[in-house]
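A.B. asks: Just the structure for this:
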Amino acid sequence: MLPAGFQEKRPFILAHRGANQIAPENTLSAFQAALDLKADGIELDVQLTKDRKVVVCHDYTLKRTTGSPELIREKTYQEISSLDAGSHFSSNYSFERIPLLDRVIKDLPEDTLFNIELKDENLFDNGLEKEVARIVQEYNLYQRTIISSFNPFSLRRIARLDKNIALGLILSPELPIYLRKAWFAPRSLSSLHPYYTMKEHILKEKLPLIVWSVNEPSLAKELKPYVRGFITDNPEKLGL
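C.D. replies: Sure, this is the predicted structure:
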């Protein structure tokens with residue numbers, strides 16, 4: 001079952017890495033812009049720094065968004081926090097930094113919905129799940145947060161840490177069959193998050209569906225009867 005916050009509106013709109021067409025992805029400016037455009041919440045990506053801080057960033061390296069070639073896991077947050085994470089999008093955003101997950105939660109309104117994607121391809125525990133579970137507990141995010149991942153073993157680790165955290169498995173047609181068919185998914189899944197072309201899940205799946213990345217209003221209207229929510233790069237354009 002989806003958390004209560006996700007049941008209040010159908011379909012709900014989650015801005016993919018924030019309003020990433022308006023401001024640099026996975027930054028506080030992008031998240032606030034998404035809410036200004038009336039998105040119900042945000043989808044964001046998290047991973048661990050060398051000193052075990054949970055940062056919001058999609059890529060494993062810092063190259064694309066900051067120009068620095070290092071891996072996030074090899075840098076402390078103090079080192080990462082000095083990097084410009086906005087100029088790649090526009091010089092108007094040179095002040096942007098890669099935020100901590102804690103900071104994002106504190107800065108956004110208390111009714112914001114969160115889909116927190118774990119960027120973790122490991123079969124074995126690297127500590128990310130423990131830190132994210134701690135943050136969910138500390139800020140009492142249970143009713144407005146889904147933890148999602150392509151990695152079913154990562155979700156299994158979350159389930160062992162806290163059975164009350166909602167879990168969503170992300171599906172892509174490009175994945176190996178054992179991931180595409182969710183063979184290793186935890187039994188406690190709250191939702192599936194298929195790519196929008198995966199009709200076999202969208203038309204037949206019994207679990208609640210949150211579909212990505214749906215950017216055209218016509219596609220959203222077509223899928224609306226079958227899904228509970230959309231992840232989109234265009235929260236304003238979707239306009240449901």
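A.B. asks: biggest strand in this protein by residues?
C.D. replies: strand 41-48 (DSSP state E).
A.B. asks: Show me what that one is packed up against.
C.D. replies: strand 12-16, helix 28-36, strand 54-56, helix 101-107, strand 113-118, helix 128-138 (3 or more CB pairs under 8 Å, 6 or more residues apart in numbering; DSSP states H and E). C-beta coordinates here come from the backbone N, C-alpha and C atoms, glycine included.
A.B. asks: Out of the ones you listed, which gets nearest to P176?
C.D. replies: Comparison of the helices and strands packed on strand 41-48 against P176 by CB to CB identifies strand 113-118 as nearest, at 18.5 Å.
A.B. asks: Please name the strands paired to the closest one in the sheet, noting orientation.
C.D. replies: When pairs are called by DSSP bridges, strand 113-118 turns out to pair with strand 41-48 (parallel), strand 145-149 (parallel).
A.B. asks: does the nearest residue to F31 once chain neighbours are set aside sit in a helix, a strand or a coil?
C.D. replies: Spatial nearest neighbour of F31, excluding adjacent residues (CB to CB, 6 or more residues apart in numbering): G18 at 4.4 Å. Under DSSP: H, G, I helix; E, B strand; the rest coil, the three-state class of G18 is coil.
A.B. asks: ok, now how distant is G18 from L62?
C.D. replies: G18 sits 18 Å away from L62, taking CB to CB, to the nearest Å as the criterion.
A.B. asks: The two: which is more packed in?
C.D. replies: With neighbours defined as other CB atoms under 10 Å, G18 and L62 compare such that G18 has more, 30 against 21.
A.B. asks: who are the neighbours in contact with the more buried one?
C.D. replies: Contacts here follow CB atoms under 8 Å, 6 or more residues apart in numbering; on that basis G18 touches E25, N26, T27, S29, A30, F31, A33, A34, I42, L44.
A.B. asks: quick one, what contacts the closest residue to the fourth one other than its chain neighbours?
C.D. replies: Which is S29. Closest residue to S29 apart from its sequence neighbours, by CB to CB, 6+ apart: A23 at 4.0 Å. Residues near A23 by CB under 8 Å, 6+ apart: S29, A30, A33, G86, F89, Y93, E96.
A.B. asks: sorry, back to before: for the contacts of G18, which one is nearest R228?
C.D. replies: Once CB to CB is applied, the member of these that ends up nearest R228 is I42, at 16.4 Å.
A.B. asks: That closest one bridge partners, please.
C.D. replies: Here I42, judged by DSSP bridges, has bridge partners A15, F114.
A.B. asks: Show the low-confidence segments of this structure, by residue range.
C.D. replies: Residue ranges of the chain with pLDDT under 70: 239-240.
A.B. asks: so L189 makes contact with G168?
C.D. replies: Yes - assessed by CB atoms under 8 Å, L189 is found in contact with G168 at 6.9 Å.
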